[in-house]
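Undergrad: fold the following.
(4 chains)
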Protein chains: 2
Amino acid sequence: MPPDPVEPDVRRRLIEVAADLLSEEGPAALSARRLARDAGTSTMAVYTHFGGMPALVRAVVAEGFQRLYDRVAAVAVTDDPVADLVASAAAYRENALADPHLYSVMFGSASLGEYRLREEELEVGLAAFAQLVALVERAMAAGAIRRGDPEPVAAQFWTALHGFVVLEIADFYSMLDDPETQVLQPMLAHLLASLS
Amino acid sequence: MPPDPVEPDVRRRLIEVAADLLSEEGPAALSARRLARDAGTSTMAVYTHFGGMPALVRAVVAEGFQRLYDRVAAVAVTDDPVADLVASAAAYRENALADPHLYSVMFGSASLGEYRLREEELEVGLAAFAQLVALVERAMAAGAIRRGDPEPVAAQFWTALHGFVVLEIADFYSMLDDPETQVLQPMLAHLLASLS
DNA sequence: GTCACTCGATAACAGCGTTATGGAGGCGCG
DNA sequence: CGCGCCTCCATAACGCTGTTATCGAGTGAC
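TA: Prediction:
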């Protein structure tokens, strides 16, 4: 067995291989044996580092939230807070569309039953939400949005955006010609208009 | 191909037992053997009537859309179209919260990969959406909503409502005290206000 | 009666998550 | 150094999964 030139820690590699496997072949390909084989180890590595497949999936979900956070954080900050909000929403959507399987696991049935997220993983997701709260706060400070508690406002914005992304990924907009301009853009515009 | 005897409708019973199993014990309990045992038959019944577990899950999803349709259709019709819209949204949410596992399968990862819905099952879902389009049309006719193409408007309403239900089921509103009054109600109110 | 046919019961196969066992390597300490 | 310990992973097994092949019981047609 030829060992790798530089062995990064196994835990990190398992998460990345699992994310790639999920991204490229879907949740059905994310099995302990397949994962171990592709990562060049055995199934026991999953148990020594995570304790089982559900915990590994939770780690992959946390990785997904981290990537989402980074993607939104990379959006350039301008002097127009409302434009930044719209640009962040676009980045959020692009991140989801670029890896729909990962997004589905992050918010889908993976959150029920044995895959229910723990505080540790939810923390990363809440950090991503805090980005949005900060954007709303900035818009309020600039007078572009009526002042008030920014969290419920951010939650409304996120809820509408998430609903759109989920239905778009699951292909439930087949009755519409252009969901982005017919649903997403006017919906966010209406929300922002009512909030100003 | 002679018609099936209606007396012991195995196909119908499999769908109902599968829905109950999913509802009461979650997706992990929805296995061919467990399903066959609870339905008083063998696993082969799943294959003669559906062709495999993915097709059975699709049938359960169609059953879920039918129940959603019935639940929304049971909402009393008043002379206030906007109030009817809000009441229908409440019925939609109650239906989802009463059976979160089924709702998750209807819109979750079950819609990707081998569980992707076919025209046959999507038709039931589109019928439920048509209810909402009709409600919006009625509100437009009554002048409560600006006239225009009702489908995109209905899609926006549905998107926001669905986004809320998904995040509520997956317990992602832990940072809020009362998601219904802080997110759902103001969000739908803002949407309706901007549309009038 | 006999053929044709459908439906489901049984058993087998590969793959799954998980667990038990044991061996290889690194590290502290005598 | 040599020894013991302890962590990490390879191997193998257990019971489960979806699926398939086989075959028998039942039924309607002629």
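
Undergrad: chain neighbours aside, what residue packs nearest to residue A:99?
TA: The spatially closest residue to residue A:99, leaving aside those adjacent along the chain, is residue A:23, at 5.0 Å (Cβ to Cβ, 6 or more residues apart in numbering or on different chains). From N, CA and C alone the C-beta is placed, and that goes for glycine too.

Undergrad: got a list of what the one you found touches?
TA: Contacts for residue A:23 (Cβ atoms under 8 Å, 6 or more residues apart in numbering or on different chains) come out as A:99, A:101-102.

Undergrad: in chain A, spot the helix with the most residues.
TA: helix A:119-141 (DSSP state H).

Undergrad: JSON lines please, covering the contacts of residue A:23 and showing neighbour count.
TA: Formatted as JSON lines, the contacts of residue A:23 follow (neighbours: other Cβ atoms under 10 Å in any protein chain shown):
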{"residue": "A:99", "neighbour count": "19"}
{"residue": "A:101", "neighbour count": "24"}
{"residue": "A:102", "neighbour count": "23"}
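
Undergrad: circling back to that earlier point, give me the element the residue nearest to residue A:99 is part of.
TA: Secondary structure from DSSP states H and E places residue A:23 in helix A:10-25.

Undergrad: off-centre distance for that helix?
TA: Chain-centre distance of helix A:10-25: 16 Å, with Cα atoms, centre = their mean, to the nearest Å.

Undergrad: any part of it near DNA strand C?
TA: No - judged by Cβ under 7 Å from any atom of the strand, helix A:10-25 makes no contact with DNA strand C; its nearest approach is 10.1 Å.

Undergrad: what does the helix or strand just after that helix rub up against?
TA: Remark: after helix A:10-25, the chain's next helix or strand is helix A:32-39, criterion DSSP H and E. When contacts are defined by Cβ under 8 Å, 6+ apart, helix A:32-39 is touched by residues A:10, A:13-14, A:17-18, A:21, A:42-46, A:53, A:56.

Undergrad: who in chain A is up against DNA strand D?
TA: Near DNA strand D, when you scan chain A using Cβ under 7 Å from any atom of the strand, you find A:10, A:36, A:40-45, A:48-49.

Undergrad: cutoff 10 Å now
TA: Residues of chain A lying close to DNA strand D (Cβ under 10 Å from any atom of the strand) are A:1, A:3, A:7, A:9-11, A:13-14, A:32-33, A:36-37, A:39-49.
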